[in-house]
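Novice: sequence unknown, structure follows:
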C-alpha cells in the first residue's frame, strides 16, 4: 500500500499537472516514483512466488538472466537514463511528446527496479551481491547521479524551455487538460502567476537540491538496511557454538 501511495504521488496525483509548471514538484514526483515506490514494491514482493519465478527463468534462459540481472546493467542503465533525460534538449522534446514521455517513464521505472533489486537483495538465494559490495554499489549509484543534479543546481540560467517558453509550456500543459482546453497563463511559473513561488532559475536550483538530498537520504537509509541484514547473518544461530563457547584447559580443570 505504501508503494502504491508513493507511485500515485509520482504519477497520478495533482503533482503531475503542477510538475509541468514547477520543476521542483517534477523532481519530487521522480523521488516518489523511482526512490520510494520501487524499493517499497520490492520489499513487499511475495518471496516464495518470486523465488520460483526467478529459478524458472534462470533454468530456462540462463544467458538472458545473467545479462539482465547483472548489477552493472542496473547501475549504468538507470543513471544513464536519468542523466540523459535531464539534458535540456532531450527534456523539452520528451515533455512535448506524450507517447515518448510515457515510454521513457516506463524505461526509468524498469531500470530502477534492476538497480534497487541489487541494493535490497530481497531473495535469500540466487545471484546477488555480497553485503560489502552492495554498500559499494549504493555509493556508486550516489556518485553517478551527482553530475545531473550538479548541472541543474549550478547552471547559470534556466535550462528548460518547458518552464520558460510560454509556447512550449502551453503545448506541454495541453496534454494534461481536456481536449480543446487552453491552459490559463496564470499556471505558468513566470514569477507573477498563481503557480509561482520562485523565479524559474531559483526553482530549477531548488529542484536539483531536492533530488540530491532526497536521494542521499534514501541511500543512507538503504545502507543502514544492508548493515542490519549483514549483522543478522553474522550473529551465531541458536545452538551454534562460537570460539568463546569452546571450553579451555582452565575450564576443564575447574
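Specialist: It's in. These numbers were taken from a predicted model, which means no experiment stands behind them.

Novice: from now on I want contacts and neighbour counts done on CA atoms only, so please keep to that.
Specialist: Fine.

Novice: show me where the chain has helices.
Specialist: Along the chain, counting by DSSP state H, helices occupy 2-7, 15-18, 23-30, 38-44, 47-60, 62-68, 71-85, 88-95, 98-120, 131-144, 146-154, 166-174, 200-234, 249-253.

Novice: so which of the ones you listed is nearest residue 160?
Specialist: Of all those, it is helix 88-95 that lies closest to residue 160, at 5.4 Å by C-alpha to C-alpha.

Novice: where does the stretch 51-200 of the chain have low pLDDT?
Specialist: Scanning the stretch 51-200 of the chain for pLDDT under 70 picks out 124-128, 177-196.

Novice: ranking the helices of the chain by burial, who's on top?
Specialist: Most buried of the helices of the chain by mean neighbour count (mean count of other C-alpha atoms under 10 Å) is helix 23-30; its value is a mean of 22.

Novice: can you name every helix or strand that that one contacts?
Specialist: If you count contacts as 3 or more C-alpha pairs under 8 Å, 6 or more residues apart in numbering; DSSP states H and E, helix 23-30 packs onto helix 15-18, helix 200-234.

Novice: before we move on, the earlier item: can I get the helices of the chain in a markdown table with distance to residue 160?
Specialist: Converted to a markdown table, these look like this (distance: least, C-alpha to C-alpha, whole Å):
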| stretch | distance to residue 160 |
| --- | --- |
| helix 2-7 | 25 |
| helix 15-18 | 16 |
| helix 23-30 | 9 |
| helix 38-44 | 27 |
| helix 47-60 | 41 |
| helix 62-68 | 33 |
| helix 71-85 | 12 |
| helix 88-95 | 5 |
| helix 98-120 | 15 |
| helix 131-144 | 22 |
| helix 146-154 | 10 |
| helix 166-174 | 10 |
| helix 200-234 | 9 |
| helix 249-253 | 75 |
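
Novice: pretty sure residue 226 is touching residue 133, no?
Specialist: No - between residue 226 and residue 133 there is no contact under C-alpha atoms under 8 Å: 10.4 Å.

Novice: what's the overlap in contacts for the two?
Specialist: Common contacts of residue 226 and residue 133 (C-alpha atoms under 8 Å, 6 or more residues apart in numbering): none found.

Novice: for residue 210, give me its contacts.
Specialist: Residue 210 neighbours (C-alpha under 8 Å, 6+ apart): 24, 27-28.

Novice: how about the contacts made by residue 214?
Specialist: Counting by C-alpha under 8 Å, 6+ apart, residue 214 touches residue 31.

Novice: from residue 206, how far off is it?
Specialist: Remark: distance between residue 214 and residue 206 (C-alpha to C-alpha, to the nearest Å) = 12 Å.

Novice: ok, residue 154 next?
Specialist: 10 Å.

Novice: what of residue 60?
Specialist: 48 Å.

Novice: contacts for stretch 199-209?
Specialist: Contacts with stretch 199-209, where a contact means C-alpha under 8 Å, 6+ apart, come from 22-28, 149-150, 152-154, 157-158, 163-164, 189-191.

Novice: typed the wrong thing, it's stretch 142-154
Specialist: By C-alpha under 8 Å, 6+ apart, the surrounding residues in contact with stretch 142-154 are 79, 82-83, 86, 159, 204-209, 211-212, 215-216, 219.
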